[in-house]
Every structure is written in C-alpha cells, then in structure tokens.
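>>> structure, please.
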Amino acid sequence: MSLLGGRADDHDDWHSHQHMQERLSVPGFRRGRRYRRLEGAPEYFLMYEVDDLDVLTSQPYLDRLNNPTDWSREIIP
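Predicted coordinates for the structure are as follows:
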C-alpha cells in the first residue's frame with residue numbers, strides 16, 4: 001500500500017517538475033536522485049549530493065524549506 005494514498009503520479013510529477021529544480025537552485029546542491037521500490041517499504045529513497053554539509057543549514061536552503069509552494073504543501077502536507 002502506498003503512503004501517498006494513490007497519488008504517486010502526482011508526487012512524481014511534483015518531484016520531477018518542481019522539487020528537484022528548487023533544490024538544485026540552492027547554491028551547493030549538485031544533484032538529486034529518486035528511487036522507488038516496487039514492493040514493500042520504504043517506498044521511496046531520495047538522495048541529494050551537496051558540496052558540503054553546511055549547504056543543508058545555509059540561508060538559501062532554509063528559505064526554500066520554510067516557504068513551501070502551494071504545490072509542495074499539497075503533496076507533502
């Protein structure tokens with residue numbers, strides 16, 4: 001059973017067309033990958049590569065994280 005309640009396509013569309021672009025626009029984010037398990041849990045594994053761990057506490061990252069878009073709030077309430 002999906003944790004996304006049948007909305008996996010919506011989640012994947014959001015992740016591909018908004019979330020990844022947002023993350024990659026933050027200085028120091030290099031790339032991200034999404035893996036999806038066909039059966040069992042956890043359903044998704046997300047991996048991000050950053051220049052340095054400080055990127056994850058940087059002001060640009062925190063600004064993006066603390067101000068989600070409407071689409072982000074809909075997908076990840």
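
>>> how about the residue nearest to the spatial centre of the chain, nearest residue that isn't a chain neighbour?
Centroid check for the chain by CA atoms, centre = their mean gives His19 as the closest residue, at 5.0 Å. Of all residues not flanking His19 in the chain, Ser72 sits nearest, at 7.0 Å (CB to CB, 6 or more residues apart in numbering). Yep, even glycine has a C-beta here, placed from its N, CA and C like the rest.

>>> list the contacts of the one you found.
When contacts are counted by CB atoms under 8 Å, 6 or more residues apart in numbering, Ser72 is found next to 14, 18-19.

>>> let's go with 10 Å and repeat that
Applying CB atoms under 10 Å, 6 or more residues apart in numbering, we find Ser72 in contact with 14, 18-19, 22, 64-65.

>>> considering the residues you listed, which possesses the most neighbours?
Ranked by the number of neighbours (other CB atoms under 10 Å), the contacts of Ser72 place His19 first, at 21 neighbours.

>>> got the confidence number for that one?
Predicted confidence (pLDDT) for His19: 95.

>>> is it in contact with Gly32, as I believe?
Yes: with contact defined as CB atoms under 10 Å, His19 and Gly32 form a contacting pair (8.3 Å).

>>> got any residues that touch both of these two?
Leu46.
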